[in-house]
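**Q** The amino acid sequence is not available; the structure is as follows:
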């Protein structure tokens, strides 16, 4: 497993754990109107930071001084993954905007915090799609080599 694959795998794990921890923190506030006890909040934040910084530190660390940063295949895979991520996010955004237009019309208002949550969700979704596309392409390359 090369460096790009490790970074992609860790990024997907980090994003999914972050989403789960944030859901654990935010759902009780918005659904039930009460906040989690402080120890539970601290455990969630500790999990987020530990996995994020620890995982990315070990994923980006070179195993040897002779290890190559990237090669032509890595760059090609990353370009295709970026295109896949961009097209998917644009399609999802278009579908959501059309759905909102049909449901609420053009004169509806949206609170600012909802837009910030949507932006964060789009960034997380774009990152997961990008890194999943990287891992899938490497899997296909390994199958073709065999």
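**A** Thanks, I have it. Since the model is a prediction, treat every value here as computed from it, not as a measurement. Residues are numbered from 1 along each chain as shown.

**Q** By mean pLDDT, flag the weakest helix or strand of the protein.
**A** None of the helices or strands of the chain scores lower by mean pLDDT, DSSP states H and E than helix 38-60, at a mean of 75.

**Q** so after that helix, what's the next helix or strand?
**A** Sequence-wise, the next helix or strand downstream of helix 38-60 (DSSP states H and E) is helix 72-104.

**Q** So for that following helix, mean pLDDT?
**A** Taken as a whole, helix 72-104 has a mean pLDDT of 92.

**Q** and that helix, what does it pack onto?
**A** helix 3-27, helix 112-145 (3 or more C-beta pairs under 8 Å, 6 or more residues apart in numbering; DSSP states H and E). Using the backbone N, CA and C atoms, a C-beta is placed for each residue, glycine as well.

**Q** one more time with 6 Å, if that's ok
**A** In this structure, helix 72-104 packs against helix 112-145, with contacts taken as 3 or more C-beta pairs under 6 Å, 6 or more residues apart in numbering; DSSP states H and E.

**Q** what's the spacing between residue 99 and residue 106?
**A** Using C-beta to C-beta, to the nearest Å, residue 99 is found at 13 Å from residue 106.

**Q** coming back round to it: and the least confident helix or strand of the chain, how far from the chain's centre?
**A** The gap between where helix 38-60 is centred and where its chain is centred comes out at 15 Å by C-alpha atoms, centre = their mean, to the nearest Å.

**Q** sorry, back to before: give me the more crowded residue out of residue 99 and residue 106.
**A** Neighbours were counted for residue 99 and for residue 106 using other C-beta atoms under 10 Å; residue 99 has more, 10 against 6.
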